[in-house]
Each structure stands twice: as C-alpha cells, then as structure tokens.
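**Q** give me a model of this one.
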Amino acid sequence: MRIKAIRLENIRSHVDTRITFEEGFNCLIGGLGAGKTSVLYAIDFVLFGEPLGKTYAYLLRDGAPVGKVTLWFSHEGSDYVIMRGLRRLGTRIVQDVASLRFFKDGEALAEKKASAITEQVEKELGIDVELFREVMWIRQEQLKAILDMSPRERQKLLDALLGLEDFERAWAALRNYESYYKREHELLSKDPDVLMAERLEEEHARLTEELASISLELEELKPKLEEASEAIKKAEEAHGELERERKAYEELVRKRASVEAAIGEAEKTIKRLEREVELGKRRLEGLEKEREELVAKEVEYRRSLALTGLDASTSLEEAEEALKAMEERIEGLSKRSAGLENEIEGTRRRLDIISTESRCPTCLRFIDEDFRRDLTAKLKRDLVKMEHALGSLGEEIKALREKRASLANAIRGLRLITSRKEGLQARIEDERASLARAERDLDSTRMRLEMLKVELEALDEKLSGFDMSALEEAREELEVRRRALLELEAREKELRARKELVRERLKDCERRLERMEEKRRRAERAAKLVQLVRLLRSAYRGVQPHLRTEIVRLAGIYVQRVLDEISGPEGANVLVEIGQDYTPTVKVNGRERSIAHLSGGERTLLALAYRIGMGHLIMQARTGRGLAFLMLDEPTESLGREDQSVDKLADAISRLRAVEQIIAVSHSEAFAERANHVIRVEKVDNVSRVKIEGKT
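**A** Sure thing, here's the model as predicted:
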C-alpha cells in the first residue's frame with residue numbers, strides 16, 4: 001500500500017487541509033500541537049473507522065457539526081479512494097453515513113455503511129485494524145515498548161500477531177470437543193430408542209403385514225365398486241329416459257293448458273275488438289256529421305263576406321287586410337266628424353257674440369248693423385252646410401261600422417271554424433287509423449284463434465296418457481343400486497382410513513428406526529471423534545514448538561537484514577539473535593552485550609530494526625506480503641542531538657529500502673533534514689496549515 005494524498009476537513013485543528021505523499025521517507029515537521037499527529041489519526045480513522053478510545057471526540061474539531069477525511073492510495077496496481085465522515089448528534093459523535101464511499105479504479109466498492117467499507121478495505125488490503133495498529137503504525141513512545149516488555153508478554157503478543165497463539169487456543173478448545181463427544185457417546189449408547197431397537201423392528205414388521213392386508217382388500221374391492229357403478233349408470237339411464245318422457249308429457253300438459261288459456265284470451269280479445277270497431281264507427285260518423293255542420297256555418301260566414309263587398313272565396317288574411325283598411329277609413333271619417341263638430345261649435349259661439357254684443361268675433365271690435373246682419377247670415381249658411389256634412393259623415397261612419405262588425409264577426413267565425421275543422425280533421429284521421437288498426441287486430445286475432453284451436457286438437461291427439469308406475473319402479477331400482485354403492489364406498493373409505501392410520505404409524509416407526517440408526521451411527525462417530533480429537537490435541541501440542549523454532553530462525557534473519565541496512569558500515573560487526581521467547585540479544589565483535597547496556601541511539605536503532613523485521617515476518621505470515629508501509633509518531637522523542645542519536649536514526653530511516661513508504665511525525669529539524677519529502681505543519685489562530693517543502 002502507498003498513500004498518495006489525504007484531505008482533512010474539520011479534523012482536530014485542520015479546517016481544510018490536503019497533503020500529498022511520495023514514496024520513501026515522508027516527514028511531517030512542526031511544533032508541539034501543530035497538528036502533525038492528527039494526520040496519522042486521520043489515516044487510521046479513514047481506513048478502519050474504529051475510534052482509538054470509546055468516542056470520536058479526539059478527532060472532530062471543537063464546535064464543528066461535521067468532519068470528513070478523504071484518502072487516495074494505491075495497492076497492487078489499483079488506485080483507491082476512501083471517504084469517511086463524522087457528525088455531531090447532541091452530545092454524541094457518530095460516523096456520517098452520507099459521506100461513506102470506497103472506490104477502486106473509479107468504481108464504487110461500498111458506500112453508506114461503515115461495516116461494509118471496513119470489510120472491503122480488509123478484503124482489498126489483507127489487513128485489519130489490529131494488524132495496522134500493532135505492526136504498521138508505531139505510535140509515540142512505543143518504538144521501544146516491545147523491547148521493554150517482559151519475555152512472557154512479548155511472546156504472548158507476537159504469538160497472537162504471528163498466529164501461533166491459535167495452536168494453543170485450538171489445543172485448549174479441542175479438550176472441550178473431546179469431553180463433548182465422549183459425553184455424547186455415553187448418552188447415545190443409553191438412549192431408549194437404541195435400547196428398544198428389537199421391539200421397534202417387530203412393530204415395523206407387524207405394521208408392514210397389516211398394511212399389505214388392507215391393500216389387498218382394497219384391490220379386491222375395486223371390481224365390486226366398478227360393477228356397482230356400472231349398475232347405477234344403467235339404472236340412471238333407464239330412470240333418466242322415463243324422467244324425460246314424464247317431463248315431455250308434463251310439458252305437453254302445460255302447453256295444452258297454455259293453448260286453452262290463449263284461446264280464452266283470444267275470444268275475449270275478439271269481443272273487445274268488435275266493441276271497439278263498433279264504437280269507432282259511431283265516433284267516426286259523429287265526427288263526419290260535425291264536419292258537415294261546420295261546412296254549413298262556413299258557407300254562411302262566406303256569404304257575410306260577400307255582403308260586405310268581398311268575394312266569398314276571399315282568404316282570411318285578405319279579409320283581415322280589408323277589415324284593417326275599413327277600420328282605418330272609419331278612424332279617418334271619425335276624425336273629420338270631430339273636426340266638423342268643433343267648427344260647428346265655433347260658428348255657434350261667434351253667432352252668440354255677434355247677436356249679443358254686436359262685436360266682431362275675430363277682432364272683438366264693434367260692428368254696425370248691416371255688417372252684423374251680413375255676417376250673421378253668412379255664418380248661419382256655413383253652419384247649415386257643416387251640419388249637413390256632419391250628418392252625411394255620421395251616416396257613412398254608421399254604415400262602415402255595421403259592415404266592419406259584420407266583417408269582424410265573419411272573420412272570427414271563419415277563424416274558429418278553420419281551427420275546429422283542422423282539429424276535427426285530425427280527429428277523423430286518428431279515428432280512421434284506430435278503426436283500421438282495430439279491424440286489422442280483429443282479423444288477426446280471429447285467425448290466431450283458429451290456429452290455436454287446430455293446435456289444441458293436435459295436442460289432444462298426442463296426450464294419450466303416461467304410466468307413472470314404470471317411473472316409480474325405475475326410481476326404486478336406482479335407490480337400491482345407490483345404497484349398495486354407498487355401502488361399498490363406506491367400506492372403501494374405512495379401509496383407506498385404516499390404511500392411512502397404519503401408514504402413519506409405520507412412518508412413525510420408520511422414523512424412530514431411522515433415529516435409532518442415526519443415534520447408533522452418531523455413537524460410533526462420537527467414539528471415533530474422541531480418538532481423532534485426542535490425536536489432534538497431541539499433534540497441536542507437538543507442532544507448535546517446531547513452528548516457533550522456524551519463526552524464530554526467520555525472525556533473526558529479517559531483523560539482522562534490516563539492522564544491516566539501517567546501520568550502515570558502523571553496524572557491520574553487530575549481530576542479532578532471537579530467542580524462543582522472541583527476546584533479541586546483541587553481539588558486537590563476537591561479544592554479547594545486554595540490551596540494557598546499549599546507548600539510547602543504539603537501542604532506538606535496534607528497536608526500529610526489530611519492529612520492522614518482525615513486521616515483515618508478521619505481514620508475510622498473515623498476508624503473504626512484506627511490510628511496505630510504516631507510520632512513525634515522534635520516533636525521536638527520547639533522543640538528543642548532542643550524541644547525534646537523532647541524526648543516526650534519521651540516516652537509518654533514509655537508508656531503509658525494505659519499506660516502500662514511511663510517514664514519520666517529528667518536531668526535530670535534524671530528523672526532517674534526511675527526509676525525501678518534507679511537509680511542514682504550523683498552527684495559526686488554532687487552524688493547522690501545511691507547506692510542502694519537497695525533497696532535500
């Protein structure tokens with residue numbers, strides 16, 4: 001695995017930080033609390049999602065509602081991206097499922113489920129959180145911790161990481177299996193089913209014989225059932241034929257009754273229709289007579305039209321136009337008469353003025369006697385003429401009013417007669433249509449009556465009677481056959497029920513026999529397994545020392561190889577040997593030296609070589625690959641520059657080729673000088689900022 005880059009959003013003092021890493025020695029350099037170790041915490045979190053303690057409070061930035069880590073890395077030729085987030089829920093901090101993503105070469109492997117992301121990481125990389133934290137991440141002040149352990153603690157830890165502890169656990173666990181199978185063998189040997197095996201076999205034989213007997217009786221019953229069914233079929237056919245004849249006879253009886261009823265109904269209908277025809281003729285005669293009377297009245301009104309000066313054949317519209325013209329003439333003459341009356345009245349008033357006051361009626365001046373006489377004579381003559389004209393107009397108006405009254409009366413009469421004639425004609429036509437229908441219905445009903453009488457005669461010929469005794473005999477025969485079949489079916493049902501019961505008991509017996517055989521087999525198997533478990537326990541107890549001897553031999557080779565690589569020429573005479581409890585011993589120029597007597601720098605180099613060599617061995621044992629990635633958190637914590645121990649450690653790490661990528665955190669500038677890739681971390685206003693300084 002090689003980490004390419006990481007991005008921290010609201011992680012500890014990092015608000016939004018992106019850092020790129022290279023192959024070889026990468027060093028995060030900065031002061032105390034600058035945010036260097038936060039990067040290592042973020043890598044651990046984004047890979048496995050498990051908190052270092054009980055909560056994620058050490059990761060999420062104070063006051064931030066959410067945080068997120070994105071990691072870009074490569075492994076065995078593929079590129080990966082992992083995203084994990086944190087969300088604050090009240091007083092708790094949980095993983096943010098909305099941020100969970102895991103991609104391989106651009107395709108999603110898992111998302112929105114923390115366990116699925118972790119499972120895929122372990123599957124792709126072949127490592128789990130324990131292996132990462134114990135082997136690949138050397139935390140602050142833990143570089144020498146494994147050397148400072150007691151031999152027993154060291155052996156227990158490394159046995160667990162190397163898988164040797166599994167042999168001890170297997171040896172102990174197999175003791176429980178041995179006890180379990182031994183107890184199972186004892187219990188099965190005393191099981192009631194096993195002890196009653198002979199009685200079960202006798203019961204099985206008896207039930208098998210009884211089942212065969214019932215099956216034989218059922219086979220013998222089959223032809224009897226078929227014979228009884230055939231007899232019923234024939235009896236049903238005979239009975240059915242007689243039933244059909246009876247139904248046909250009853251149908252003829254019903255049909256004859258229906259025909260008789262139809263004849264009676266037809267006779268009633270004929271009488272009703274005859275009455276309707278007679279009444280229709282009478283109504284038609286009355287309507288015809290009424291129409292003749294209307295025609296006579298119409299002639300009289302037409303004669304009245306002729307008396308008014310109109311032609312007798314004048315239409316009502318023309319007569320109404322003439323009446324309108326006559327009314328207009330009367331109105332004009334009435335206006336003229338009223339005008340003459342006004343003039344006569346005026347003339348009379350002027351005569352009164354002249355005769356009583358001797359004044360001119362127009363200008364009211366006094367006039368002499370002669371002029372008065374002449375004017376009086378003239379006005380009297382005019383008065384006589386106007387009165388004569390008024391009389392003539394009155395006579396003419398009177399004559400016109402009489403003619404108008406006669407014409408109006410004739411028009412009203414003709415209009416009424418016309419309306420009545422139209423309604424009367426419609427009634428006459430309806431009556432004729434009704435009479436024609438009634439006559440047609442009467443003829444049709446008479447014809448139908450004749451046909452019904454003919455049909456009745458034909459039915460009487462067919463109804464020669466029906467013998468019910470033959471039908472009753474056929475019904476009794478059918479009942480006898482059915483009772484016989486029911487008895488046979490009841491017997492068959494009883495036998496089948498017994499057969500099913502015996503079969504169930506036989507199945508139960510067979511199941512008990514199978515259980516018995518299974519328990520016998522299990523007892524035999526348990527006895528064999530007890531022997532096998534004893535052999536396995538003996539094998540596990542014997543193989544573990546041999547495996548540890550081989551692992552210890554390889555451990556010495558791996559640690560020595562790493563120590564030679566990081567020590568350079570100065571360490572050429574230093575040899576490391578690993579004991580059976582994984583305790584290292586050092587020989588310098590052939591002389592053995594105690595670890596306790598090594599200088600701080602020497603102990604640090606030995607601890608680094610031991611951790612990396614054992615790490616290679618553990619990774620080979622667990623994953624089949626060596627240790628390619630390492631994180632170091634403040635490896636120079638207890639070193640000083642006066643004895644050049646910091647420089648020696650930095651030189652050792654820079655010379656290390658057994659690990660492809662190292663990410664180290666340090667506050668030592670001397671340590672950072674040897675790094676291939678330097679990332680400087682500073683904190684300003686409680687926010688961490690990074691600066692890539694490149695290769696040195």
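**Q** now do the buried residues in the strand of greatest length in the chain.
**A** The residue-count maximum for a strand in the chain (DSSP state E) belongs to strand 78-89. Neighbour-count burial for strand 78-89, with 16 or more other Cβ atoms under 10 Å as criterion, is recorded at 80, 81, 82, 83, 84, 85, 86, 87, 88. Backbone N, C-alpha and C define where each C-beta goes, glycine included.
**Q** can you list the strands that it pairs with?
**A** Using DSSP bridges, the strands paired with strand 78-89 are strand 66-75 (antiparallel), strand 92-95 (antiparallel), strand 101-104 (antiparallel).
**Q** which one of the buried residues of strand 78-89 sits closest to residue 380?
**A** residue 87 (135.0 Å; Cβ to Cβ).
**Q** tell me who's in contact with the closest residue to the closest one other than its chain neighbours.
**A** Spatially, and ignoring its direct neighbours in sequence, residue 87 is nearest to residue 96 (4.0 Å; Cβ to Cβ, 6 or more residues apart in numbering). By Cβ atoms under 8 Å, 6 or more residues apart in numbering, the contact set of residue 96 is 66, 68, 84, 85, 86, 87.
**Q** ok, the last one - contacts?
**A** Read that as residue 87. Going by Cβ under 8 Å, 6+ apart, residue 87 touches 65, 66, 93, 94, 95, 96.
**Q** list buried residues within those.
**A** Neighbour counting by 16+ other Cβ under 10 Å classes 66, 93, 95, 96 among the contacts of residue 87 as buried.
**Q** and those, which two are furthest apart?
**A** Checking these with Cβ to Cβ, the most distant pair is 66 and 95, at 10.8 Å.
**Q** between those two, which contacts overlap?
**A** Counting by Cβ under 8 Å, 6+ apart, the shared contacts of residue 66 and residue 95 are 85, 86, 87.
**Q** ok, of those, which one's closest to residue 556?
**A** Closest to residue 556, out of all of the shared contacts of residue 66 and residue 95 and judged by Cβ to Cβ, is residue 86, at 44.0 Å.
**Q** ok, now how distant is residue 281 from residue 435?
**A** Residue 281 sits 7 Å away from residue 435, going by Cβ to Cβ, to the nearest Å.
**Q** more neighbours, these two?
**A** Using other Cβ atoms under 10 Å, the more surrounded residue of residue 281 and residue 435 is residue 435, with 18 against 14.
**Q** so which strand or helix has that one?
**A** Residue 435 belongs to helix 369-462 when assigned by DSSP states H and E.
**Q** again with residue 9
**A** Assigned by DSSP H and E, residue 9 belongs to strand 2-11.
**Q** may I have that strand exported as PDB, CA atoms only?
**A** What follows is strand 2-11 as a C-alpha-only set of coordinates in PDB (Å, rounded to 0.1, in the frame of the first residue of the first chain):
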ATOM      1  CA  ARG A   2       1.300   3.500  -0.900                       C
ATOM      2  CA  ILE A   3      -0.600   6.600   0.300                       C
ATOM      3  CA  LYS A   4      -0.800   9.400  -2.400                       C
ATOM      4  CA  ALA A   5      -2.700  12.100  -0.600                       C
ATOM      5  CA  ILE A   6      -5.100  12.800   2.200                       C
ATOM      6  CA  ARG A   7      -7.600  15.600   2.900                       C
ATOM      7  CA  LEU A   8      -8.800  16.600   6.400                       C
ATOM      8  CA  GLU A   9     -11.900  18.700   6.800                       C
ATOM      9  CA  ASN A  10     -12.700  19.800  10.400                       C
ATOM     10  CA  ILE A  11     -10.400  17.200  11.900                       C
END
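**Q** I'd like the next helix or strand past that strand.
**A** The helix or strand immediately downstream of strand 2-11 is strand 14-20, counting by DSSP H and E.
**Q** what's next to the helix or strand just after that next one, contact-wise?
**A** Using DSSP H and E, the next helix or strand after strand 14-20 towards the C-terminus is strand 24-30. If you take Cβ under 8 Å, 6+ apart as the criterion, strand 24-30 is touched by 19, 36, 39, 653-654, 656, 660-669, 671-672, 674-683.
**Q** out of these, which are buried?
**A** Using 16+ other Cβ under 10 Å, the buried ones in these are 19, 36, 39, 653-654, 656, 661-668, 671-672, 674-681, 683.
**Q** okay, and which of those residues map to strands?
**A** Under the assignment DSSP E, the buried ones among the contacts of strand 24-30 contribute 19, 661-666, 677-681, 683 to strands.
**Q** residue boundaries of the helices in the stretch 51-200 of the chain?
**A** Secondary structure of the stretch 51-200 of the chain, counting by DSSP state H, counting those that start in this stretch: helices at 114-125, 129-131, 145-148, 151-162, 165-189, 192-195, 197-307.
**Q** comparing those helices by mean pLDDT, which bottoms out?
**A** Among the helices of the stretch 51-200 of the chain, helix 165-189 carries the lowest mean pLDDT, a mean of 62.
**Q** can you redo the helices of the stretch 51-200 of the chain as CSV with distance to residue 24?
**A** Converted to CSV, these look like this (distance: least, Cβ to Cβ, whole Å):
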stretch, distance to residue 24
helix 114-125, 20
helix 129-131, 23
helix 145-148, 25
helix 151-162, 26
helix 165-189, 35
helix 192-195, 72
helix 197-307, 76
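**Q** and of those helices, who's closest to residue 627?
**A** Among the helices of the stretch 51-200 of the chain, the nearest to residue 627 by Cβ to Cβ is helix 129-131 (10.3 Å).
**Q** any chance you could list what contacts that closest one?
**A** Identification of contacts with helix 129-131 by Cβ under 8 Å, 6+ apart yields 44, 47, 48, 50, 118, 161, 618, 619, 622.
**Q** change it to 10 Å
**A** For helix 129-131, contacts defined as Cβ atoms under 10 Å, 6 or more residues apart in numbering pick out 44, 47-50, 118, 121-122, 125, 137, 160-161, 615, 618-619, 622-623.
**Q** are any of those buried, and which?
**A** Using 16+ other Cβ under 10 Å, the buried ones in these are 44, 47-49, 118, 121-122, 125, 137, 160-161, 615, 618-619, 622.
**Q** closest one to residue 606 out of the residues you listed, please.
**A** Distances from residue 606 to the buried ones among the contacts of helix 129-131, taken as Cβ to Cβ, are shortest for residue 615 (14.3 Å).
**Q** what's the pLDDT at residue 563?
**A** If you check residue 563, the pLDDT there is 80.
**Q** give me the three-state assignment for the closest residue to it other than its chain neighbours.
**A** Excluding its sequence neighbours, the residue lying closest to residue 563 (Cβ to Cβ, 6+ apart) is residue 609, at 3.7 Å. Recorded secondary structure, residue 609: helix (DSSP: H, G, I helix; E, B strand; the rest coil).
**Q** how many residues are close by residue 609?
**A** Using other Cβ under 10 Å, residue 609 has 27 other residues around it.
**Q** for residue 284, see how far away residue 420 is.
**A** With Cβ to Cβ as the criterion, residue 420 and residue 284 are 17 Å apart.
**Q** quick one: contacts for residue 257?
**A** With the criterion set at Cβ under 10 Å, 6+ apart, residue 257 makes contact with residue 459.
**Q** next, name the residue at the spatial heart of the chain.
**A** For the chain, the residue nearest the mean C-alpha position is residue 112 (23.5 Å; Cα atoms, centre = their mean).
**Q** of the shared contacts of residue 66 and residue 95, closest to residue 595?
**A** When those are ranked by distance to residue 595 (Cβ to Cβ), residue 86 comes first, at 41.9 Å.
**Q** measure that closest one to residue 648 for me?
**A** In terms of Cβ to Cβ, residue 86 sits 40 Å off from residue 648.
**Q** could you do residue 496 as well?
**A** Counting by Cβ to Cβ, the gap from residue 496 to residue 648 is 98 Å.
**Q** also residue 510?
**A** 82 Å.
**Q** quick revisit: and the contacts of residue 96 as TSV, adding distance to residue 6 and pLDDT?
**A** Listed next are the contacts of residue 96 as TSV, based on distance: Cβ to Cβ, whole Å; pLDDT from 0 to 100:
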residue	distance to residue 6	pLDDT
66	17	95
68	11	96
84	11	96
85	14	95
86	15	95
87	20	94
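**Q** what's the closest of the residues you listed to residue 381?
**A** residue 66 (133.9 Å).
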